[in-house]
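In: generate coordinates for the sequence data below:
(2 chains)
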Amino acid sequence: MDNSEVSARLYKMAEMLEFQGENPFKIRAYIKAARNIKNLDEDVNKIFERGELEDIPGVGKAIAGKVEEMLKTGTFEAYERLNIQIPVDVGKLMEVPEIGPRTLQLLYQHLGVESLEDLKEAAEAHRIRRLPRMGAKQEERILNALKSLDERSKLNRIPIGRALPIAEEIQNTLDANPHIQNVVAAGSIRRRKDNVGDIDFIATSTNQKNAIYAFTHMEKVQEILGEGTTKGSIIYDGNIQVDLRIVNEESFGSLLQHFTGSKEHNIRLRDIALSRGLRLSEYGFTDQNTGNLHPCRTEEEVYRTLGLDFIPPELREDRGEVEAALSVNMPHLITIDDIKGDLHVHSNWSDGKNTILEMAEAARGLGYSYIAICDHSKSRAIAGGLSEKRLIEHVSEIETINEEFDDFRVLSGVECDIKANASLDYSSDILEGLDLVIAAIHSGFNEDRKTLTKRMVSAIENEHVDIIAHPTGRLLGERDAYELDMNAVLQTARDNNKVLEINAFPERLDLNDINARSAKEMCISLAINTDAHHTSHYKYMSFGVDVARRAWLEPDDVVNTLELDKLCKLLGIEKH
DNA sequence: GCCGTTTTCGGCCCGACTGTTTTCAGTCG
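Out: Take a look at the predicted model:
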């Protein structure tokens, strides 16, 4: 069993214990252990072999014993026993909003509900409303939850590229309202996750009731989920949940911190607070002895009070940032201002919309020192891929354009297909004549892991290849990453000194934060490129930088933060 | 079930909202 399988079984155990009404702290202990095992950098089998299971945070004697049992037999006795005792599909049923362990227990004992079908039947027959603590409204909520479960699960998470414009639209609406001040998008949007489950806003107000009312009655609100005095919750146009929380100005920093999350990060902070005799909530710190509340106006104050360096929102995932902040060892994250150029852009020579000159002038206007024009190679006929002859003409046009600039350079490149037989789309002597070769897989995504990995590895090993574009091929919300042995890819890139791309196009964001961080840890350089097919696409660079920040990248980890001469030296490009 | 910068026992993250309640339990994030 690997880490995620062990973790999944512990989670399931927690669910079953919860159904049985066990001590909530025991349940939390299982969840904590499951989470920590899932987040381990190392294979849990190796830790077991060293006899160090109990060194994993949240794993004590009892759970270590169960993990050991699992690693040896694939399961553990206490789990099997409960699994037989409980006929109810706890996992599926607890996924239904409104259904928690207590309600599920009630439904099972009185109505014999064991499955989603049973639940639907009981609700439709109006049998739920007669149960203690239940009523007609509760029954209707459950029915609605069941109905929306299907729809929601299809679009449960939204790519950040789609969520951000919606967040901006709502922000503008709220900003225009006289009752609402200091509107900030918090939550996973502020952490710049590549996809978000909902959009969270916080704000201050001189008239809270009116502020919440205005929020829940915006033009594009489809449904009001909740409406209190400090919090409103809605479904917005496009089936996206949006929450707004109102707070006093003196607690603004505490609230922003709380609502930015992540949940795991906040739990860590509250833990640290408790060890200092403080209780942390969205209102501030409460001294456990005196009961006095100290609200924080700024987030900086929250972290300072805990004895921590400030932690940028993008890092708040409980992936080591708390430890880094404790030891004053925070990375100096890359920012958009560090970017000196874009090494993957297209022109109208293939499927881009602008001329090479237009792409160059637009980039220069952004303050860049260079771009690499990487139009498609000949196999991508559908995208106007360049024949050998056209590629050579393309290079000479770039040379002509370069004569017009003394403070800017267009590099001649190509986005070269890695073909099904793992060879590249041009011969070596053609590739040799280019400043930069980016290789990418654009076909045969459905091949097996071994074949795809082999294609990728041999491309990386090719001496002419400089950068691998969008290495996993995912399209957010459309297509999963293809089967790839990422470890093999990373090792080959490291051994051959090749650069991997963080493709900033909002549908791609590929490599993602996790893989990019693994690359950094293996000392592999990255490039953040927009893959622009139009001058307006240069703005996507910020999405790529967001991914890089979530991957803990610093300017030195990214090649296109280099000045032109250093970049040329690194990539072996002749100076003209 | 886990854990210890006052603790090997007695804590364990915290608060908003809702519905069915007259003081709270359950769910959610």
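In: going forward, measure contacts between C-alpha atoms and count neighbours the same way
Out: OK.
In: shaky segments in chain A?
Out: For chain A, the stretches with pLDDT under 70 are A:150-156, A:575-576.
In: could you list the domains of chain A?
Out: Chain A breaks down by automatic domain parsing into domains covering A:3-154, A:158-246, A:256-326, A:336-571.
In: in TSV, list those domains along with mean neighbour count.
Out: Compiled in TSV, the domains of chain A are given as follows (neighbours: other CA atoms under 10 Å):
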stretch	mean neighbour count
domain A:3-154	16
domain A:158-246	19
domain A:256-326	18
domain A:336-571	20
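In: tabulate those (TSV), appending distance to DNA strand B.
Out: Converted to TSV, the domains of chain A look like this (distance: least, CA to the nearest atom of the strand, whole Å):
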stretch	distance to DNA strand B
domain A:3-154	3
domain A:158-246	3
domain A:256-326	4
domain A:336-571	20
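In: residue A:203 reaches residue A:177, doesn't it?
Out: No: using CA atoms under 8 Å as the test, residue A:203 is too far from residue A:177 to be in contact (11.5 Å).
In: now do the longest helix anywhere in chain A: distance to the chain's middle.
Out: Counting by DSSP state H, the longest helix found in chain A is helix A:136-154. Chain-centre distance of helix A:136-154: 27 Å, with CA atoms, centre = their mean, to the nearest Å.
In: likewise stretch A:510-520?
Out: 11 Å.
In: just stretch A:418-431 next, same as before
Out: Using CA atoms, centre = their mean, the offset of stretch A:418-431 from its chain centre is 33 Å.
In: so what touches it?
Out: Applying CA atoms under 8 Å, 6 or more residues apart in numbering, the contact partners of stretch A:418-431 are A:377-379, A:388, A:416-417, A:437, A:439-444, A:454-456, A:458-459, A:464.
In: tell me who's in contact with the closest residue in space to residue A:378 that isn't next to it in sequence.
Out: Once flanking residues are discounted, residue A:378 sits nearest to residue A:385: 4.2 Å by CA to CA, 6 or more residues apart in numbering. By CA under 8 Å, 6+ apart, residue A:385 lies in contact with A:350-351, A:375-379.
In: again, but for residue A:174
Out: For residue A:174, the contact set (CA under 8 Å, 6+ apart) comprises A:180, A:183, A:215.
In: next step: those restricted to helices.
Out: When DSSP H is applied, those are split such that residue A:215 fall in helices.
In: need the contacts of residue A:174 in JSON lines (columns: distance to residue A:543).
Out: Converted to JSON lines, those look like this (distance: CA to CA, whole Å):
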{"residue": "A:180", "distance to residue A:543": "29"}
{"residue": "A:183", "distance to residue A:543": "22"}
{"residue": "A:215", "distance to residue A:543": "28"}
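In: so what secondary structure elements neighbour the one helix or strand residue A:210 maps to?
Out: Here residue A:210 sits within helix A:208-216, counting by DSSP states H and E. With contacts defined as 3 or more CA pairs under 8 Å, 6 or more residues apart in numbering; DSSP states H and E, helix A:208-216 has these neighbours: strand A:221-227, strand A:231-236, strand A:240-246.
In: report the angle between that helix and strand A:231-236.
Out: Here helix A:208-216 runs at an angle of 10 degrees relative to strand A:231-236 (axes from the mean of the first three to the mean of the last three CA atoms, to 10 degrees).
In: how about residues contacting the strand of greatest length in chain A?
Out: Among the elements of chain A assigned as strand by DSSP state E, the one spanning the most residues is strand A:409-417. If you take CA under 8 Å, 6+ apart as the criterion, strand A:409-417 is touched by A:344, A:360, A:369-377, A:379-380, A:395, A:398, A:401-402, A:424-426, A:434-442, A:469.
In: can we see that at 6 Å?
Out: If you take CA atoms under 6 Å, 6 or more residues apart in numbering as the criterion, strand A:409-417 is touched by A:370-377, A:395, A:402, A:425, A:434-441.
In: repeat that for stretch A:70-86.
Out: Contacts for stretch A:70-86 (CA under 6 Å, 6+ apart): A:1, A:66, A:69.
In: quick check: residue A:557 touching residue A:523?
Out: No: applying CA atoms under 6 Å, one finds residue A:557 not in contact with residue A:523, separated by 7.9 Å.
In: might you report the residue contacts of residue A:332?
Out: By CA under 6 Å, 6+ apart, residue A:332 lies in contact with residue A:554.
In: which SS class is it?
Out: coil (DSSP: H, G, I helix; E, B strand; the rest coil).
In: repeat for residue A:87
Out: Following three-state DSSP, residue A:87 is assigned to coil.
In: which non-adjacent residue is nearest it?
Out: residue A:114 (6.5 Å).
In: so that neighbour sits in a strand?
Out: No: Residue A:114: not assigned to a strand; according to three-state DSSP it is coil.
In: and it, how far is that from residue A:365?
Out: Residue A:114 is 63 Å from residue A:365, where distance means CA to CA, to the nearest Å.
In: cool, residue A:355 as well?
Out: 15 Å.
In: among the contacts of stretch A:418-431, which are located in strands?
Out: A:416-417, A:437, A:439-440.
In: looking at those, which is nearest residue A:137?
Out: In terms of CA to CA, no member of these lies closer to residue A:137 than residue A:440, at 54.7 Å.
In: hang on, isn't the closest one packed against residue A:469?
Out: Yes: applying CA under 6 Å, one finds residue A:440 in contact with residue A:469, separated by 5.2 Å.
In: separation between residue A:328 and DNA strand B?
Out: Per CA to the nearest atom of the strand, to the nearest Å, residue A:328 is found 13 Å from DNA strand B.
In: skip the chain neighbours and tell me the closest residue to that residue.
Out: residue A:309 (6.1 Å).
In: the one you found in helix, strand or coil?
Out: coil.
In: doesn't residue A:325 make contact with it?
Out: Yes: the pair residue A:309 / residue A:325 is scored as a contact, 4.7 Å apart, by CA under 6 Å.
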